[in-house]
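Visitor: Okay, structure incoming, though there's no sequence with it:
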């Protein structure tokens, strides 16, 4: 644990000195990874889905904030939809407009989660992101996370029904097929379940970690993991299929990442808690001070 704390402090020191370059480079690499992973997983083709085009969009993101990544991803996806059929382009344009209007209600804050959530589904760490968001972001972050979850299921729906939207199929047939498949999609039990549960996890973890109690972050992570474990009860109750082995491995790996996040962002020593009182001309201030665990305060394990 001592070596981990020393490593954390070194990372924080390097980041504090080089964040001007580290953040844009990380954003570009993350953008390329998201674009490349989603286009390849959902078998998207076309000029904008080419690796060189994806690299170009990633380089653009070097100069843009994180909130623009979903917009760049949307441009790539709309290009692919256009090549499939005008009907798919129109339907997807309406869906993306709906997502944009919802996201704009919180002024683009945390919009990166719309692109990150589908990536986490592909990497099988979708249990981790709701807990991470609850620990490190504001409570309004549940909305873009839910939109990202919806986006993943929508892309899976398009991939599964790709033949229905083929340009070679008559437009009348496309409309008939669309009316038969689109309504059941919005009623997808698994999608609705994950949307509600992950949003609840974000809000629960957020409010617990902000509570003025000891080990609030530890309790928040534990409660979040317990809530997500309810899926093994809810899936059979709703007659949904689940690959138990893959889901269990995903859950355990996500739990490990959540614990790593806990110690990396909130490693404190509650034994040294102090309650301080200060005052000025207008107010009395009652402060609860909890010291951080510092690597140099611990003897070497060697």
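Guide: It's in. From a predicted model like this one, the values you see are computed outputs, not experimental measurements.
Visitor: How far away from the center of its chain is stretch 88-102?
Guide: Relative to the chain's own centre, stretch 88-102 is displaced by 20 Å; criterion: CA atoms, centre = their mean, to the nearest Å.
Visitor: Show me what the helix or strand where residue 259 lies packs onto, helices and strands only.
Guide: According to DSSP states H and E, residue 259 maps onto helix 244-265. On a contact count with 3 or more CB pairs under 8 Å, 6 or more residues apart in numbering; DSSP states H and E, helix 244-265 meets helix 2-41, helix 128-136, helix 216-229, helix 231-237. Every C-beta, even on glycine, is put in place using the N, C-alpha and C of the backbone.
Visitor: got the angle for the second one vs helix 244-265?
Guide: Helix 128-136 and helix 244-265 are oriented at 20 degrees to each other (axes from the mean of the first three to the mean of the last three CA atoms, to 10 degrees).
Visitor: What degree of burial does the nearest residue to residue 189 once chain neighbours are set aside show, as a neighbour count?
Guide: Of all residues not flanking residue 189 in the chain, residue 238 sits nearest, at 5.0 Å (CB to CB, 6 or more residues apart in numbering). By the criterion of other CB atoms under 10 Å, residue 238 has 11 neighbours.
Visitor: Next: residue 278.
Guide: Residue 278, neighbours per other CB under 10 Å, totals 9.
Visitor: how much space between residue 14 and residue 21?
Guide: Per CB to CB, to the nearest Å, residue 14 is found 11 Å from residue 21.
Visitor: where does the stretch 1-150 of the chain dip in pLDDT?
Guide: The stretch 1-150 of the chain contains residues with pLDDT under 70 at 1-2, 4-5, 7.
Visitor: do the same with the stretch 151-300 of the chain
Guide: Ranges of the stretch 151-300 of the chain meeting pLDDT under 70: 165-171, 174, 267-272, 293-300.
Visitor: related to what we said a few turns ago, and whichever helix or strand comes after the helix holding residue 259, what does it pack onto?
Guide: Next helix or strand after helix 244-265 toward the C-terminus (DSSP H and E): strand 274-279. Packed against strand 274-279 by the contact rule (3+ CB pairs under 8 Å, 6+ apart) you find strand 284-289.
Visitor: The strand it packs on to strand 274-279, inter-axis angle?
Guide: Computed by the same axes, to 10 degrees, the angle separating strand 284-289 from strand 274-279 equals 160 degrees.
Visitor: Give me the residues contacting strand 284-289.
Guide: Where contact means CB atoms under 8 Å, 6 or more residues apart in numbering, the residues beyond strand 284-289 that reach it are 212, 273-279.
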